[in-house]
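Undergrad: what follows is a predicted structure for the sequence shown.
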Amino acid sequence: MNKVRWGILGTAKIAREWMIPAIKKSPHAKVSAIASRDGVRADAIALEMDIPLALGSYEELTNCSEVDAIYVSLPNHLHVPWSTIAIKAGKHVLCEKPIGLNSEEARNLVVAANASPQLLVMEAFMYRYHPQWLRVQDLIDAGELGEIRHVQASFTYHNTDPDNVRNQAGIGGGGLMDIGCYCISAARHVFGKEPERVIGHLDWDPEFETDRHASGLLDFGSGMATFHCSTQSNSSQMVKIIGDRGTVLVINPFFNREEEPSRLIVYRDNVSEVITIGNHNHYVSQVDAFSRAVLNGQAAPTPLSDALANMKVIDAVFASARAGAWVADLDKGTISECR
């Protein structure tokens, strides 16, 4: 096998516009099949995107002998159930973020993955595979920024479509789950450890009953991280990393179109330096990394334990917002006395 044969579970926009084209561009992968609960829709997309096999049920895809790995593009509440089914069917799994609805679901998926250690299971945070983030890591590792003291992250857009899954309560809608998870992931990634305590504040849409604005403070002990996400604000994204020797501003840190060159702005001693990384497709980079690991019998590039850890912080933000207090034990969701 010189290419991983991918099956696409679901026909979401992210699959059609980003992941399927990315798999087609990867020298290590190919799209073999796509599945929808609507067979007519599956046929239409397969014809439009030149996919060999169209299937009218998710079960057919998980059991398809022409597929090695499954990309799960379904709504959040279906991530863990169908990832688990795919694992039990002997398929590698790349599942969209967030990995589940809560950390309990994520733990169940870890158990299922551990029962089949020969299979790779990973959460699809494509931003981590962009060369700009590799350069950020190089700056941190080389001590160019010194000790990291603060990470500031934000991710916002404007979407008030009631039919959009992001605006539907009960299936994992809302800003914190959809884009706040990026901000939390980035902060954890930069500090290289888990926060000791978390406090959050949410503003709920009265019609959708989903969080339309979410903010939080993560205490890492040696430094702090703040984040803000919103589904009803002007579209923007930013990560600023402040150390005791330097600061780096990551331009378009989470979603970066291939035609737009990515940049970092590094500040030291009141002097700024613009580092242009170039034009890259982080979806292709993610597919390459995952597919090479499958082909070479290696571990998943990002372990599933990272997805569980991110979900614990998301849970803590929700719990903190409900209680109006710090959450100090992320495993248990313990409310701190400090208000």
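TA: Right, received. Where do you want to start?
Undergrad: quick one, domains of the chain?
TA: Residue ranges for each domain of the chain read 4-127, 130-284+312-335, as given by automatic domain parsing.
Undergrad: so which of those is the most packed in?
TA: Between the domains of the chain, the one whose residues have the most neighbours on average, counting mean count of other CB atoms under 10 Å, is domain 4-127 (a mean of 20). Every residue, glycine included, has its C-beta placed from N, CA and C.
Undergrad: average pLDDT across that one?
TA: Averaged across domain 4-127, the pLDDT comes to 97.
Undergrad: for that domain, the distance to its chain's centre please.
TA: Chain-centre distance of domain 4-127: 15 Å, with CA atoms, centre = their mean, to the nearest Å.
Undergrad: sorry, back to before: of the domains of the chain, which is nearest residue 297?
TA: Ranking the domains of the chain by distance to residue 297, with CB to CB as the measure, places domain 4-127 first at 8.4 Å.
Undergrad: quote the end-to-end distance of the closest one.
TA: Taking CA to CA, to the nearest Å, the first and last residues of domain 4-127 lie 21 Å apart.
Undergrad: including distance to residue 299, could the domains of the chain go into TSV?
TA: TSV is the format used below for the domains of the chain (distance: least, CB to CB, whole Å):
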stretch	distance to residue 299
domain 4-127	7
domain 130-284+312-335	18
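Undergrad: quick one, which of those is nearest to residue 296?
TA: Residue 296 lies closest, by CB to CB, to one member of the domains of the chain: domain 4-127, at 9.8 Å.
Undergrad: how long is stretch 211-228 from one end to the other?
TA: Using CA to CA, the end-to-end distance of stretch 211-228 comes out at 12 Å.
Undergrad: how far off centre is it?
TA: With CA atoms, centre = their mean as the basis, stretch 211-228 stands 17 Å off its chain's centre.
Undergrad: thinking again about what came up before, nearest to residue 291, out of the domains of the chain?
TA: Relative to residue 291, the nearest member of the domains of the chain by CB to CB is domain 4-127, separated by 3.8 Å.
Undergrad: how much space between residue 289 and residue 330?
TA: With the distance defined as CB to CB, to the nearest Å, residue 289 ends up 28 Å from residue 330.
Undergrad: same check, this time on residue 308
TA: Plainly put, residue 308 is 11 Å away from residue 330 if you go by CB to CB.
Undergrad: dump the top helix by length along the chain to CSV, keeping only the CA atoms.
TA: In terms of residue count, the longest helix belonging to the chain (DSSP state H) is helix 304-323. Taking C-alpha atoms only, helix 304-323 is exported to CSV below (Å, rounded to 0.1, in the frame of the first residue of the first chain):
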residue,chain,number,x,y,z
LEU,A,304,-5.8,11.2,21.2
SER,A,305,-4.9,12.1,24.8
ASP,A,306,-4.4,15.7,23.6
ALA,A,307,-8.0,15.7,22.4
LEU,A,308,-9.2,14.5,25.8
ALA,A,309,-7.2,17.1,27.6
ASN,A,310,-8.6,19.9,25.4
MET,A,311,-12.1,18.6,26.1
LYS,A,312,-11.5,18.7,29.8
VAL,A,313,-10.7,22.4,29.6
ILE,A,314,-13.8,23.1,27.5
ASP,A,315,-15.9,21.3,30.2
ALA,A,316,-14.2,23.4,32.8
VAL,A,317,-15.1,26.6,31.0
PHE,A,318,-18.8,25.6,30.9
ALA,A,319,-18.7,24.5,34.5
SER,A,320,-17.1,27.8,35.6
ALA,A,321,-19.6,29.9,33.6
ARG,A,322,-22.5,28.1,35.4
ALA,A,323,-21.0,28.5,38.8
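Undergrad: that helix - what's its average pLDDT?
TA: Averaged across helix 304-323, the pLDDT comes to 97.
Undergrad: need the next SSE after that helix, C-terminal direction.
TA: The first helix or strand that comes after helix 304-323 along the chain, using DSSP states H and E, is strand 327-329.
Undergrad: give me the mean pLDDT for that next one.
TA: 88.
Undergrad: quick check: residue 41 is in a helix.
TA: Yes. Using DSSP: H, G, I helix; E, B strand; the rest coil, the secondary structure at residue 41 is a helix.
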